[in-house]
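Student: model the following, please.
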Amino acid sequence: MDIVRQQILPGAGSKRRYSRLTDSEGRTYIRLDGINRAENHAFLVLNRHMEAAGIRVPHVMEVSGDEMSYIQEDLGSRSLYDCIARCQKEGVWDEETRRLAKEVMGDLPRIQFLTARDLDFSVCYPVPEFTRQSVLWDLYYFKYCFLKVAHLDIDEPALEAEFQHFADQLLLSDTTQTFLYRDFQSRNVMVKDGHPWYIDFQGGRRGPVYYDVASFVWQSRAAYPEDFKRELVETYKMSLQTFMPLPEDFDRQLRRFVFFRMLQVLGAYGFLGLVEHKAMFLTSIPATLETVSILLKMGEFNSFPTLSRLLAEAAAMDKFRRQPEKGEKLTVKVQSFSFKKGIPEDYSGNGGGFVFDCRAPHNPGRYPEYRHLTGKDRPVIDFLEQQGEIQPFMEHVYGLVEPAVETYSRRGFTSLMVSFGCTGGQHRSVYCAQHLADRLREKYPDIIVELHHREQE
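Tutor: Down below sits the predicted model:
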């Protein structure tokens, strides 16, 4: 293979490295460099097995001796998610995207049953089977990478009991020896020659049929319309009956796996978005919480009161509100905070905006008569304004923020954050945030101004 060009391809949540190779005759290939031999070995064995079963997967041409690198067929750059994103942007779900998604759901039982046939599941990575332990691993990941990071108050014994009960429910009735793809979602479906092709199944293992249905149909970033979700599930059910009778409790068990899948997603997005600050994952949390809220309202998960309370509290948090979409009004979020507790994070995914240090003006908190008050109370307001330092400070703030608001509005931006910090987040920063918010609301009636006093709330 005479390679003349190598183009590094962007990654997402994985640490696997992909690149596109071009040979001297203009043909292209995909090279993968992994960091874990067992994971690569699992992919290569599964790839050969699936290809032999007639499933559309990329053909692997060359493998390094240590299996740390391999070269496979180039399926192009268009994924099913690209089609979905176009539909979301245009506001119309076109026939091609609908046809492809339904074809995927029709293919899924074939993938689940034909891949499992005569497969040695011991090669699967990191575990060969979906078990109680793997359920609990994912639930704990959700707890530590989402609930804990979101600083929610957790009743640990009660939550642990509910996790154990949920694991019982998920493993209650399914004894099917099928292949669980694990990451079955639209980004891992490439479109070639008008048909879906399947990639990134190296995390697959033996497991129940419901898991992949939930992963694909309820993928947060896909945001399929509700009627189309039902159509996709019905397509899957029809195809499933080629291989097994439809279980009587199929719909109920599927809802359980949808709920489980949403908790997994929140754990992953919590880590990638809240810990590693990757904006594309952070902005997907609100949609996932909306799906969870719908499931909770159905009443089927009333046996999980602690978990339900935590999820409801998370959905109500300002940081997990849905961010404005392009074309909507500019939202200016004004905050006060204490530097002792850190600068507020910008959960819109756009960066931190303006941060003003209010500690130079004289601090009313040094005097006993003001310590129980805030910058919204008249005695504190009078103190700050009589000192003569706060108004010049605010004039400089107005001179910076107002031109930015006007520019952001003119250019169609939807989010700007302005934060004021002082020692305790109680007096000077509260005064400044309050006055800026009031001024912006009066001067720019066409924007949305949100005011939050972090340490007070």
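Student: most distant residue from the centre of this structure?
Tutor: In the chain, the greatest distance from the average C-alpha position (CA atoms, centre = their mean) is reached by Gln386, at 48.6 Å.
Student: quick check: Cys358 vs Arg17, distance?
Tutor: 46 Å (CB to CB, to the nearest Å). Heads up, the C-betas are built off the backbone N, CA and C, glycines and all.
Student: give me the buried stretch members for the strand or helix carrying Arg256, please.
Tutor: According to DSSP states H and E, Arg256 maps onto helix 250-269. Going by neighbour count (16 or more other CB atoms under 10 Å), the buried part of helix 250-269 is 250, 253-269.
Student: one more: stretch 235-244?
Tutor: Neighbour counts over stretch 235-244 (16+ other CB under 10 Å) mark Thr235, Tyr236, Lys237, Ser239, Leu240 as buried.
Student: next up, the contacts around the first one.
Tutor: Spelled out, it's Thr235. Going by CB atoms under 8 Å, 6 or more residues apart in numbering, Thr235 touches Lys102, Met105, Gly106.
Student: how many other residues sit next to Ser48?
Tutor: Quick fix: residue 48 reads Arg, not Ser. Using other CB atoms under 10 Å, Arg48 has 13 neighbouring residues.
Student: oh, that last question was meant for Lys15, not what I typed.
Tutor: Neighbours around Lys15, by other CB under 10 Å: 8.
Student: could you dump stretch 3-17 to PDB, C-alpha only?
Tutor: Only the C-alpha atoms of stretch 3-17 are listed here, as PDB (Å, rounded to 0.1, in the frame of the first residue of the first chain):
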ATOM      1  CA  ILE A   3       0.600   5.900   1.100                       C
ATOM      2  CA  VAL A   4       1.300   9.400   0.000                       C
ATOM      3  CA  ARG A   5      -0.900  11.400   2.400                       C
ATOM      4  CA  GLN A   6      -2.200  11.100   6.000                       C
ATOM      5  CA  GLN A   7      -4.900  13.300   7.400                       C
ATOM      6  CA  ILE A   8      -5.600  13.100  11.200                       C
ATOM      7  CA  LEU A   9      -9.400  12.900  11.800                       C
ATOM      8  CA  PRO A  10     -11.000  14.600  14.800                       C
ATOM      9  CA  GLY A  11     -11.900  12.500  17.800                       C
ATOM     10  CA  ALA A  12     -14.900  12.700  20.100                       C
ATOM     11  CA  GLY A  13     -15.200  10.900  23.500                       C
ATOM     12  CA  SER A  14     -12.700   8.100  22.700                       C
ATOM     13  CA  LYS A  15      -8.900   8.200  23.000                       C
ATOM     14  CA  ARG A  16      -8.500   6.000  19.900                       C
ATOM     15  CA  ARG A  17      -6.800   7.900  17.100                       C
END
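Student: what mean pLDDT does that stretch get?
Tutor: Per-residue pLDDT over stretch 3-17 has a mean of 80.
Student: give me the residues contacting stretch 206-213.
Tutor: Residues outside stretch 206-213 that contact it (CB under 8 Å, 6+ apart) are 105, 108-109, 111-112, 116, 121, 124, 128-130, 170, 174, 176-182, 184, 233, 236, 240, 250, 253-254, 256-257, 260-261.
Student: Phe301 belongs to a helix?
Tutor: No. Using DSSP: H, G, I helix; E, B strand; the rest coil, the assignment for Phe301 is coil, not a helix.
Student: roughly how far is the helix or strand hosting Arg206 from the heart of the chain?
Tutor: Arg206 belongs to strand 205-207 when assigned by DSSP H and E. Chain-centre distance of strand 205-207: 24 Å, with CA atoms, centre = their mean, to the nearest Å.
Student: and the helices in the chain?
Tutor: 37-52, 80-90, 95-116, 132-142, 156-170, 210-217, 226-240, 250-269, 279-282, 285-297, 305-316, 378-387, 390-410, 428-443 (DSSP state H).
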